[in-house]
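# sharing a model prediction with you, sequence too.
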Amino acid sequence: MISTITMAQALNTALREAMHDDERVVVFGEDVGALGGVFRITDGLAAALGDDRCFDTPLAEAGIVGFAVGMAMGGFRPVVELQFDAFAYPAFEQIASHVAKMRNRTRGKVGLPLVIRIPYGGGIGGVEHHCDSSEAYYAQTPGLKVVTPATVQDAYSLLREAIEDPDPVVFLEPKKLYWAKADVERLTRAEPFGRAVVRRAGGDATLVAYGPSVPVALEAAEAAKEEGWDLEVVDVRTIVPFDDVTVGDSVRRTGRCVVVSEAAGFAGVGAEIAARVQERCFHSLRAPVLRVAGFDVPYPPPMLERHHLPSVDRILDVLDRLQRDDRPDTRYLLDGAA
């Protein structure tokens with residue numbers, strides 16, 4: 001039987017099933033118990049599985065993550081929710097100094113099988129401290145896996161895998177996709193960590209995106225058909241580990257690449273992806289690797305949000321630049337052909 005579910009419901013199902021299957025899995029954070037979380041991702045878990053398995057904590061993010069470190073070292077598999085992206089910053093010292101380093105510090109003897117869930121990104125009209133794109137902080141911290149789903153099915157699958165992983169995972173949940181819907185017969189496990197997915201096949205250029213930018217890239221690919229572009233869209237899925245193979249294969253086929261991300265462009269994940277594509281696909285590129293990103297400013301107020309975030313129009317404008325910069329003979333000269 002096919003039913004329509006949201007990403008929020010898929011995440012809730014993943015948590016519920018993981019807690020049912022493994023009594024070591026515990027869920028805690030600010031307002032996750034009786035309230036079910038600000039976005040209701042943990043709705044009903046305390047009632048169904050007990051308030052010793054899903055419970056509220058004080059408003060102290062560093063304490064929440066520190067508590068999770070101790071529980072993971074003691075044999076539990078904690079899943080913590082840090083209520084908003086920018087609310088997580090007080091916990092960053094714990095994440096960078098202890099969560100990410102414990103396995104290395106103990107020469108592999110002590111792993112930390114914990115998941116840090118963080119609602120992130122824009123698109124909900126939130127104010128400052130409620131709509132940051134903070135993925136670069138975690139991606140640049142060795143020892144962490146960094147995951148962000150873009151589809152309902154991936155939200156379920158990646159969260160189940162994150163909970164089962166022997167090492168810490170920062171699980172970034174796109175806030176504006178919580179209410180995205182999909183018709184599914186049942187939620188299933190999809191590709192594992194480290195595997196990107198081609199969401200749309202095409203031959204003229206590759207759009208590389210992750211998390212909240214994937215639906216925008218897909219919409220842009222459809223709009224670009226009217227301008228004669230046949231675009232391929234690659235969903236990164238896991239920022240760390242990163243799938244160079246799938247991304248590289250796509251760019252080598254199309255010869256052009258645009259990276260789409262909500263975060264500020266300077267020194268961001270999008271910049272890293274562009275650099276990796278340039279290094280690995282240089283001889284196949286027919287134009288420079290370009291980016292569509294948030295501007296290098298603090299997150300703007302709600303009325304300006306639509307100008308700040310990547311949009312279909314901004315992606316189409318960049319495609320015009322790709323066309324102008326296209327040098328069809330360069331690929332063959334670089335390959336050594338006459």
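Nice, I can see it.
# report the central residue of this structure.
The chain has Thr148 as the residue nearest its centroid, 2.1 Å off, counting by CA atoms, centre = their mean.
# residue contacts, that residue?
Tyr120, Glu135, Phe171, Leu172, Glu173, Pro174, Tyr210, Gly211, Val236, Arg237, Thr238, Ile239 (CB atoms under 8 Å, 6 or more residues apart in numbering). Where you see a C-beta, it was placed from the backbone N, CA and C, and this is true even at glycine.
# can you tell me which residues contact the nearest residue to the first one once chain neighbours are set aside?
What that stands for is Tyr120. Closest residue to Tyr120 apart from its sequence neighbours, by CB to CB, 6 or more residues apart in numbering: Asp85 at 4.0 Å. By CB under 8 Å, 6+ apart, Asp85 lies in contact with Ile118, Pro119, Tyr120, Gly121, His130, Cys131, Asp132, Ser133, Ser134, Leu172.
# can I get these in a markdown table with neighbour count and secondary structure?
Converted to a markdown table, the contacts of Asp85 look like this (neighbours: other CB atoms under 10 Å; DSSP: H, G, I helix; E, B strand; the rest coil):
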| residue | neighbour count | secondary structure |
| --- | --- | --- |
| Ile118 | 25 | strand |
| Pro119 | 26 | strand |
| Tyr120 | 28 | strand |
| Gly121 | 29 | coil |
| His130 | 19 | coil |
| Cys131 | 27 | coil |
| Asp132 | 25 | coil |
| Ser133 | 26 | coil |
| Ser134 | 19 | coil |
| Leu172 | 26 | strand |
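# adding pLDDT and distance to Gly63, write those residues out as TSV.
Output for the contacts of Asp85, formatted as TSV (pLDDT from 0 to 100; distance: CB to CB, whole Å):
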residue	pLDDT	distance to Gly63
Ile118	98	16
Pro119	97	19
Tyr120	97	21
Gly121	96	25
His130	90	21
Cys131	91	24
Asp132	92	21
Ser133	95	25
Ser134	95	19
Leu172	98	21
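# surely Val233 is in a strand?
Yes. Per DSSP: H, G, I helix; E, B strand; the rest coil, Val233 lies within a strand segment.
# that one against Ala196, yeah?
No. Judged on CB atoms under 8 Å, Val233 makes no contact with Ala196 at a distance of 10.6 Å.
# the two: which has the busier surroundings?
Just comparing Val233 and Ala196: by other CB atoms under 10 Å the higher neighbour count belongs to Val233, 27 against 22.
# show the contacting residues for the more buried one.
Val233 makes contacts with Val198, Arg199, Arg200, Gly202, Thr206, Leu207, Ala209, Val214, Ala217, Leu218, Ala221, as judged by CB under 8 Å, 6+ apart.
# swap in 6 Å and give it another go.
Arg199, Arg200, Leu207, Ala217, Leu218, Ala221 (CB atoms under 6 Å, 6 or more residues apart in numbering).
# would you agree the last one is in contact with Glu232?
By that I understand Ala221. No. The pair Ala221 and Glu232 does not pass the contact test of CB atoms under 6 Å, sitting 7.8 Å apart.
# related to what we said a few turns ago, most neighbours among the contacts of Val233, which one?
Most neighbours among the contacts of Val233, by other CB under 10 Å: Leu207, with 32 neighbours.
# in a strand, it, correct?
Yes. Counting by three-state DSSP, Leu207 falls inside a strand.
# any idea how many residues pack against Asp51?
Look at Asp51: counted by other CB under 10 Å, it has 12 neighbours.
# now the residue nearest to the centre of the chain. Nearest residue, chain neighbours left out?
Thr148 sits nearest to Gly211 (CB to CB, 6+ apart), 3.7 Å away.
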